[in-house]
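Asks: whatever this is, show me its structure:
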Amino acid sequence: MNQIDKGDCTAIGYIQKPHGLKGDLILVFEKEFEESLEEIDLVLVEVDGGLVPFFIQDDGFRFKTDESAICRLEFVDSLSKAKELVGRSEERRVGKE
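Replies: Below you'll find the predicted structure:
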């Protein structure tokens, strides 16, 4: 299995905290990525030193402020699962496919 090389990715922000009880997350992002965030359907979250892909659910992304958004990731469907991701950085792949 091939690992995703962090050198092929760009950090876009981090997961600040859960939002509500159903697994939604507050993503704090770098302002320069604001315009392109609605177009992505996958984010990479750093877990145990590696990057793990998480798909954003359909209609699972909405801006909260100009530097944060509420995000719903597939398979993150409870407060406890959301808490496990708090503080982790999020990245998107920009290099080779």
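
Asks: tell me what the least confident helix or strand in the chain by mean pLDDT is packed against?
Replies: Within the chain, no helix or strand scores below strand 89-93, which has a mean of 77 by mean pLDDT, DSSP states H and E. Applying 3 or more Cβ pairs under 8 Å, 6 or more residues apart in numbering; DSSP states H and E, we find strand 89-93 packed against strand 9-19, strand 42-47. The C-beta positions use only the backbone N, C-alpha and C, and glycine is treated the same way.

Asks: who does the longest strand belonging to the chain pair up with?
Replies: Counting by DSSP state E, the longest strand found in the chain is strand 50-65. Partners of strand 50-65 in the sheet, by DSSP bridges, are strand 42-47 (antiparallel), strand 68-73 (antiparallel).

Asks: tell me which residues are up against the first one.
Replies: With contact meaning Cβ atoms under 8 Å, 6 or more residues apart in numbering, strand 42-47 is reached by 4, 9, 12, 15, 51-56, 71, 73, 85, 88-93.

Asks: also stretch 10-22?
Replies: So stretch 10-22 is contacted by 24-30, 33, 37, 43, 45, 68, 70, 72, 77-79, 82-83, 85-92, 94 (Cβ under 8 Å, 6+ apart).

Asks: thinking again about what came up before, in the longest strand of the chain, which residues are buried?
Replies: 51, 54, 56-57, 60-61 (16 or more other Cβ atoms under 10 Å).

Asks: stretch 24-31 now?
Replies: Quick answer for stretch 24-31 (16+ other Cβ under 10 Å): 24-29.

Asks: that'll do, ta.
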